[in-house]
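[1] sequence and predicted model, in that order:
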Amino acid sequence: MKHFLAGIPLPMAGLALAVCSLGNLFKLWGNPLIGNGLAIIGGVMVFILVLKLLIHPGHVRSDFNNPIIVAVTPTFTMAIMILATYIEPLAGWHLVAQILWLVAVVLHIGLMIYFTARFVFPWHIGKIYPSWFVMYVGIGVIPVTSLNFYPTLGKTFLWIALALYVIVLPIVFKRVYWHKKMPEATLPLIGIIAAPASLCLAGCITIYGGEIRWLAIALLCLAQALYVFVLLQIPRVLRLSFYPSYAALTFPMVISATALTLSAKQLPQLQFLHVAGIIETVIACAMVLYVIIHYIVFLNTHMMKREA
C-alpha cells in the first residue's frame, strides 16, 4: 500500500474533481443512481489522496516546492466541496457536510495565499501556466456548492471569482499563445482554459437563477467559445505521452457540459442548447473515462517498476 500511495500524483485530485462533478451532471439529467455512484468513486480517490498526505507527508512537502503542481492542488479542496453536497441531504449529516465544506473553503483560501506568497513574486511571464485558473478562479466552486450551506458566502465568492477571472484570463493567454515555450508535460493544462467561464456561469445560475440574464448570456457565449477552442487543441494534446497532468482535460469538459445544461434549463425556448448539452455530456464522459483508463495503466506501470 505504501508503494502504491507513493506513486499517486497530486494532480489526480483534478480527476477526482471531474468524477464528482460528473456525478452532479448525471443528477442534473435525472439519473441520481449513476450520479451517486460516481460520487463514491470520486470520494475514494479523494480518500486515497488523504492517505498519501498522511503516509507520505515528505513527498507532499516536496511537491509543494513545485509551482506547477501547487497550482492544481485546489482541485482537492474543490472536490471536497462537491462531495459535501452529496453528504448534506443524508439524514443527520448536514452539520458534518457543512463543516467539511467550510474546512475545504478555508484550505482553498490558504492555498491561494501560500501560492501567491511563494511563487508569484518576483513576477515573470514564464512562471504562468493555465493552472493559475485553478488557483485563483477555482473558488468559483464555492457559489456552485454553497446553496445548502452559506449562500451569502457563495454570492460573495462568485463576484470575487469573476474579478479574478478578468485579471488572470489575459495574462494566461499572453503566456500560452505569445510567450509559449511550455514543457511538454504541461501542455494538457491548456484544457483548463475551458473551465473558468463555465464555472462562473454555473455559480451565477445556482445563486441568481435567471435574475442576471445579461451576465449569464455573456458567460455562456465566452464559455462555449473557449470550450470549442480547447476542443480543437485536444487531438494535438492526446498525441503526447501520458502525463498526470492529463487530469486537467477532465473537469473543464464536465463543468462546460454542466453550465450548458443549466443554461438550457433556464432558456428552454432555445432547444439547441439542450441538444448541445447532451453532446457535451457525452464528450465529458468520454474524456473522463479515457483519463481514468490511462491513470490505471500509469499507476500499474509505476507499481511494477517499484516491485522489479
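    Structure received. Numbers count the residues shown, from 1 in each chain.
[2] Three-state assignment for the closest residue to Ser146 other than its chain neighbours, please.
    Distance criterion CB to CB, 6 or more residues apart in numbering; nearest residue to Ser146, sequence neighbours excluded, is Gly154 at 2.8 Å. Backbone N, C-alpha and C define where each C-beta goes, glycine included. Judged by DSSP: H, G, I helix; E, B strand; the rest coil, the three-state class of Gly154 is helix.
[3] does Gly154 touch Thr206 like I think?
    Yes - counting by CB atoms under 8 Å, Gly154 does reach Thr206; the two are 7.5 Å apart.
[4] three-state assignment of Ala91?
    The assignment at Ala91 comes out as coil when based on three-state DSSP.
[5] what do Gly154 and Thr206 both touch?
    Pro143, Val144, Ser146, Leu147 (CB atoms under 8 Å, 6 or more residues apart in numbering).
[6] now go through the residues you listed and say which are in helices.
    Assignment to helices by DSSP state H places the following of these there: Pro143, Val144.
[7] distance to Ile212 added to the shared contacts of Gly154 and Thr206, as TSV?
    Listed next are the shared contacts of Gly154 and Thr206 as TSV, based on distance: CB to CB, whole Å:
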residue	distance to Ile212
Pro143	12
Val144	15
Ser146	16
Leu147	16
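[8] nearest to Gly277 among the shared contacts of Gly154 and Thr206?
    Using CB to CB, Val144 is the member of those that sits closest to Gly277, with 16.7 Å.
[9] now do the contacts for the closest one.
    Ile82, Gly154, Leu199, Ala202, Gly203, Thr206.
[10] next: Glu88.
    Contacts of Glu88 (CB under 8 Å, 6+ apart): His94, Ala97, Gln98, Asn148, Phe149.
[11] make it 6 Å
    Counting by CB atoms under 6 Å, 6 or more residues apart in numbering, Glu88 touches His94, Ala97, Asn148.
[12] one more: Leu240?
    The contact partners of Leu240, by CB under 6 Å, 6+ apart, come to Glu184.
[13] got any ranges where the chain has weak pLDDT?
    In the predicted model, the chain carries pLDDT under 70 at residues 179-180, 305-308.
[14] same for the helix ranked longest in it, what does it pack against?
    As assigned by DSSP H, the longest helix anywhere in the chain is helix 271-307. When contacts are defined as 3 or more CB pairs under 6 Å, 6 or more residues apart in numbering; DSSP states H and E, helix 271-307 packs onto helix 12-28, helix 250-266.
[15] in it, what counts as buried?
    273, 276-277, 280-281, 283-285, 287-288, 291-292, 294-295, 298-299, 302 (16 or more other CB atoms under 10 Å).
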